[in-house]
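**Q** mind folding the following:
(2 chains)
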Amino acid sequence: NAGVTQTPKFRVLKTGQSMTLLCAQDMNHEYMYWYRQDPGMGLRLIHYSVGEGTTAKGEVPDGYNVSRLKKQNFLLGLESAAPSQTSVYFCASSSGTGKSHFGNGTRLTVT
Amino acid sequence: GENVEQHPSTLSVQEGDSAVIKCTYSDSASNYFPWYKQELGKRPQLIIDIRSNVGEKKDQRIAVTLNKTAKHFSLHITETQPEDSAVYFCAASNEGFQKLVFGTGTRLLVSP
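**A** Numbering: from 1, shown residues only, chains lettered A, B, ... in the order given. As a prediction, the model looks like this:
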């Protein structure tokens, strides 16, 4: 039982490049989330999904897109990376009880 | 939408002392309040949570209290140990637990 798995762990992009972060969970959770974590700002919700085929905007959605084609996977895309998107990205999942399980994070640097 | 404020941003205590971290929330409809601990370079992990129908919850050395009238909740750690050193985040949720709104975190340093 791996829980929540994020790939890759590290990534460096040049401004304007695109990339996709993958989140996979094996707990059969309905809800999945993408957060970004910046120093002094806590965890801010980018997008979330309440079930397969659904997505919704969080607190800071601009510049990101997501897809939830399969229940176990939640993808986060950056179409044209900007230095302001340098951050640590966490995926999380929940069964709907409120308890969220986090992945180990992806450290993204945009130069 | 919901807004969660957390204080202090840093907290230094001596081993064995108690530590208290406080959070306030804005949305009276929020009904679930978890606390997460994040060690350096690691993922946030749930350490304790409380729902709005309960005023206090304890788990060994940690406890959480909730005051719905004042819209604030607190994390209490007793007999602190160096391994308690980490960043602690509070959060609040409503809408059927669909979204968590996090505080900005408290860096706790426990000195031997």
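
**Q** can you list the residues of chain A near chain B?
**A** Counting by CB under 8 Å from any CB of the partner chain, the positions of chain A adjacent to chain B are A:31, A:33, A:35, A:40-45, A:48, A:50, A:58-59, A:90, A:94, A:96-105. To be clear about C-beta, it is placed using only N, CA and C from the backbone, and glycine gets the same treatment.

**Q** put the buried members of these into a ChimeraX selection.
**A** A single ChimeraX command selects the buried members of these (16 or more other CB atoms under 10 Å in any protein chain shown):
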select /A:31,33,35,42,43,44,45,48,50,58,59,90,94,98,99,100,101,102,103,105
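
**Q** ok, which stretches of chain B are strands?
**A** Using DSSP state E, the strands of chain B run over residues B:4-7, B:10-14, B:19-25, B:32-38, B:45-51, B:56-59, B:62-67, B:72-77, B:86-94, B:99-102, B:106-111.

**Q** which regions of the chain lie under the pLDDT threshold?
**A** This is for chain A. Scanning chain A for pLDDT under 70 picks out A:1.

**Q** to clarify, I was referring to chain B.
**A** B:95-97.

**Q** need the residues of it near chain A, please.
**A** B:1, B:6, B:9, B:32, B:34, B:42-46, B:49, B:51, B:89, B:93, B:96-105.

**Q** Three-state assignment for the residue nearest to A:Val60 when sequence neighbours are not counted, please.
**A** Closest residue to A:Val60 apart from its sequence neighbours, by CB to CB, 6 or more residues apart in numbering or on different chains: A:Arg44 at 5.0 Å. When classified by DSSP: H, G, I helix; E, B strand; the rest coil, A:Arg44 comes out as strand.

**Q** give the contact list for A:Arg44.
**A** A:Tyr35, A:Arg36, A:Gln37, A:Asp38, A:Gly58, A:Glu59, A:Val60, B:Phe102 (CB atoms under 8 Å, 6 or more residues apart in numbering or on different chains).

**Q** go again using 10 Å as the cut-off
**A** A:Trp34, A:Tyr35, A:Arg36, A:Gln37, A:Asp38, A:Gly58, A:Glu59, A:Val60, A:Ser87, B:Val101, B:Phe102, B:Thr104 (CB atoms under 10 Å, 6 or more residues apart in numbering or on different chains).

**Q** quick check: which of the strands of chain B is nearest to A:Ser67?
**A** Ranking the strands of chain B by proximity to A:Ser67 (CB to CB) places strand B:99-102 first, at 18.7 Å.

**Q** give me the neighbour count for A:Gly16.
**A** 10 (other CB atoms under 10 Å in any protein chain shown).

**Q** so it sits right up against A:Gln85, yeah?
**A** No - the criterion here is CB atoms under 10 Å, and A:Gly16 misses it with A:Gln85 at 11.4 Å.

**Q** now do the shared contacts for the two.
**A** Taking CB under 10 Å, 6+ apart as the criterion, A:Gly16 and A:Gln85 both touch A:Val110.

**Q** helices along chain A, start to end?
**A** In chain A, no helices are defined using DSSP state H.

**Q** which stretches of it form strands?
**A** Using DSSP E, strands in chain A cover A:4-7, A:10-13, A:19-25, A:31-37, A:43-49, A:56-57, A:65-67, A:73-78, A:87-94, A:100-102, A:106-110.

**Q** using PDB, write out every CA atom in stretch B:39-58.
**A** What follows is stretch B:39-58 as a C-alpha-only set of coordinates in PDB (Å, rounded to 0.1, in the frame of the first residue of the first chain):
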ATOM      1  CA  GLU B  39       9.400  17.800   9.400                       C
ATOM      2  CA  LEU B  40      12.100  19.400   7.300                       C
ATOM      3  CA  GLY B  41      11.900  18.100   3.700                       C
ATOM      4  CA  LYS B  42       9.000  15.800   4.400                       C
ATOM      5  CA  ARG B  43       5.300  15.700   3.700                       C
ATOM      6  CA  PRO B  44       2.700  17.100   6.100                       C
ATOM      7  CA  GLN B  45       1.200  14.400   8.300                       C
ATOM      8  CA  LEU B  46      -2.000  14.500  10.300                       C
ATOM      9  CA  ILE B  47      -1.400  14.400  14.000                       C
ATOM     10  CA  ILE B  48      -4.800  15.200  15.500                       C
ATOM     11  CA  ASP B  49      -8.100  16.600  14.400                       C
ATOM     12  CA  ILE B  50     -11.400  17.800  15.900                       C
ATOM     13  CA  ARG B  51     -14.900  18.200  14.700                       C
ATOM     14  CA  SER B  52     -17.200  21.000  15.600                       C
ATOM     15  CA  ASN B  53     -19.400  18.900  17.900                       C
ATOM     16  CA  VAL B  54     -16.400  18.300  20.300                       C
ATOM     17  CA  GLY B  55     -14.700  20.900  22.400                       C
ATOM     18  CA  GLU B  56     -11.500  19.100  23.200                       C
ATOM     19  CA  LYS B  57      -9.600  16.100  22.100                       C
ATOM     20  CA  LYS B  58      -6.400  14.500  23.500                       C
END
